[in-house]
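Peer 1: Generate coordinates for the sequence data below:
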Amino acid sequence: MGTEYLNNTVQQTEQEAVETIDFKMVTFSLAGKDYSIDIMKVKEISHANTFTFVPNALPFVKGVYNLRGDIISIIDLRIMFNLPAPENTDKRQENLIILRLDDYQLGVVVDSIDKVIGINSINIQPPHPIFGDINIKFIQGVVENEGRLYLILDVEKIFGQDEDFVIMGAPTKTEQVYSDKRDTYSGPDTSPGKDQAIDFIIDTLRTFKKFIVSPVNREWVNRRFEEWIKIKGSKTADLQLQSESDADEFLSGFYSPGTGRFWDDTLRNSFLSLLPDFGRNTVSVWNPGCGTGYETYSLAVALRQKYKGASIKVWASDNDLLSISNAPNLVFKRESLPESMEQYTVEQPTGLQFTDDLKDLILFEYHDVMHPNSFLEVDIIVARDIISFMNENDQKRLVKEFEEKLRPGGVLVVGRNEKLEGREWKYIGNDYVTAYIREVI
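Peer 2: Just a heads-up that it's a prediction; the model follows:
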């Protein structure tokens with residue numbers, strides 16, 4: 001028993017270490033190897049292809065660059081570290097990481113910029129000479145993430161004014177670098193930097209919330225990103241999601257109305273307006289991702305009102321064992337319930353519960369939506385907001401499962417900010433509910 005307890009404790013500690021993210025880094029490549037820089041040292045990502053020449057500068061100084069009024073030096077990290085640097089003969093855009101150091105800014109040229117990765121700092125290992133082609137004193141540490149080994153550069157040591165060299169051509173507090181050759185300056189290319197910023201956000205949404213951006217929700221993410229710029233400003237560093245709370249703030253407008261509570265009359269009536277008369281004495285419903293049951297009971301009441309006298313069966317499932325265990329005997333306060341649902345409740349010493357005849361309509365079960373289901377076909381599927389929290393392959397598999405389980409003419413309800421594509425899905429939604437009818441092709 002003691003050994004088992006100890007093993008469980010160690011496993012729990014290791015799991016907590018994996019889930020705790022306290023260090024974020026911008027990753028990029030140099031000569032085919034993976035490197036990174038502490039995101040707190042990164043001001044933004046940019047792209048440019050023309051720089052103003054600086055006489056007598058060191059070979060790795062490509063020139064200076066006007067970044068929205070700030071004159072900054074551009075350093076080619078590949079040349080600085082004697083790595084292969086293909087000659088840019090076609091004037092293509094160079095990948096720039098703009099660094100924000102103690103008292104100045106500068107840009108570094110790299111082969112390609114990958115993404116932002118969040119890790120736990122305890123996983124960072126000390127550097128070793130065998131790991132890279134760069135002097136070990138310029139490497140902050142080494143960390144592995146998803147099978148890739150990243151060398152974390154210590155940019156303060158590389159570019160610090162107190163090091164063995166001072167970058168020739170870099171502007172200092174007492175020196176202004178200036179060129180009147182305006183025709184050699186193409187101006188900052190803000191569009192690629194903007195694209196990079198949204199890519200970083202997509203990666204951190206995956207890390208913090210397991211929210212996967214795909215065609216199902218890309219339209220909403222793009223709209224939200226434009227709003228995010230207005231809220232946070234246009235600087236790449238300010239746009240980044242630094243914590244789970246930042247990710248929650250970004251996703252705050254994504255979830256469907258009524259999430260985590262009983263449906264109000266407006267939402268319930270909007271849902272009812274989309275339901276057809278199936279012309280049958282039985283109506284079967286699948287409600288995956290039901291959580292603690294607030295949505296499921298709201299759904300059952302709506303169906304009871306719509307299909308009077310019909311036999312109604314709701315399969316409600318969730319992979320959260322605690323939530324699904326509490327759902328059948330949900331206890332709640334009267335003020336949390338719309339007045340129109342009170343007729344389906346009874347008073348208990350601990351609060352209100354739903355009547356047995358309403359609860360008999362529902363089968364709550366612990367179930368992973370990606371595993372086989374015991375029922376055959378259903379008339380209605382209500383699966384709001386769950387598709388977006390699966391990897392893209394599972395998203396496609398689940399939509400295919402919906403297609404197979406839903407009878408022709410049946411209704412599929414997804415999240416308000418989710419959308420489906422394909423000839424088999426005909427949109428019938430409104431301002432509150434995103435829904436589709438399965439058409440027979």
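Peer 1: Any idea how many residues pack against the residue lying closest to F138 once chain neighbours are set aside?
Peer 2: Nearest non-adjacent residue to F138, counting by CB to CB, 6 or more residues apart in numbering: I158, 4.9 Å away. (Each C-beta comes from the backbone N, C-alpha and C, glycine too.) If you count neighbours by other CB atoms under 10 Å, I158 ends up with 23.
Peer 1: Repeat that for D199.
Peer 2: Residues near D199, counting by other CB under 10 Å: 16.
Peer 1: Name the spans of the stretch 201-350 of the chain whose pLDDT lies under the cut-off.
Peer 2: 236-237 (pLDDT under 70).
Peer 1: pLDDT on stretch 411-424, on average?
Peer 2: Mean per-residue pLDDT for stretch 411-424: 93.
Peer 1: Tell me the secondary structure at the residue lying farthest from the centre of the chain.
Peer 2: Distance from the C-alpha centroid of the chain peaks at N56, with 46.1 Å (CA atoms, centre = their mean). Secondary structure state of N56, per DSSP: H, G, I helix; E, B strand; the rest coil, is coil.
Peer 1: quick one: it from N88, how far?
Peer 2: 22 Å (CB to CB, to the nearest Å).
Peer 1: Would you point out which residue is most central in this protein?
Peer 2: Central residue of the chain (CA atoms, centre = their mean): L205, at 2.0 Å.
Peer 1: Let me see the ranges of the helices in this structure.
Peer 2: All helices of the chain, identified by DSSP state H, fall at 2-19, 77-80, 155-159, 190-209, 218-232, 236-239, 244-250, 265-272, 294-306, 321-326, 356-359, 392-405.
Peer 1: May I see those organised as a markdown table, with distance to Y427 added?
Peer 2: Compiled in a markdown table, the helices of the chain are given as follows (distance: least, CB to CB, whole Å):
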| stretch | distance to Y427 |
| --- | --- |
| helix 2-19 | 38 |
| helix 77-80 | 49 |
| helix 155-159 | 50 |
| helix 190-209 | 25 |
| helix 218-232 | 13 |
| helix 236-239 | 32 |
| helix 244-250 | 26 |
| helix 265-272 | 14 |
| helix 294-306 | 20 |
| helix 321-326 | 30 |
| helix 356-359 | 31 |
| helix 392-405 | 14 |
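Peer 1: For the residue found closest to Y255 once you drop the neighbours it is linked to in the chain, list the residues it contacts.
Peer 2: Once flanking residues are discounted, Y255 sits nearest to D385: 5.6 Å by CB to CB, 6+ apart. Taking CB atoms under 8 Å, 6 or more residues apart in numbering, we find D385 in contact with F254, Y255, S256, T259, G289, V414, G415, E418.
Peer 1: Those residues into JSON lines, with extra columns for neighbour count?
Peer 2: As requested, these are arranged in JSON lines below (neighbours: other CB atoms under 10 Å):
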{"residue": "F254", "neighbour count": "20"}
{"residue": "Y255", "neighbour count": "15"}
{"residue": "S256", "neighbour count": "18"}
{"residue": "T259", "neighbour count": "15"}
{"residue": "G289", "neighbour count": "21"}
{"residue": "V414", "neighbour count": "27"}
{"residue": "G415", "neighbour count": "23"}
{"residue": "E418", "neighbour count": "23"}
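Peer 1: Which two of those have the greatest separation?
Peer 2: Using CB to CB, the contacts of D385 span at most 14.4 Å, a distance reached by F254 and G289.
Peer 1: Is I71 in contact with V54, as I believe?
Peer 2: No: taking CB atoms under 8 Å as the definition, I71 is not a contact partner of V54, at 10.4 Å.
Peer 1: Give me the distance between the residue nearest to F138 and K137.
Peer 2: I158 is 9 Å from K137, by CB to CB.
Peer 1: ditto for V399
Peer 2: 52 Å.
Peer 1: between these two, who's got more neighbours?
Peer 2: V399 (20 against 11).
Peer 1: residues touching that one, list them.
Peer 2: I387, L420 are the contacts of V399 under CB under 8 Å, 6+ apart.
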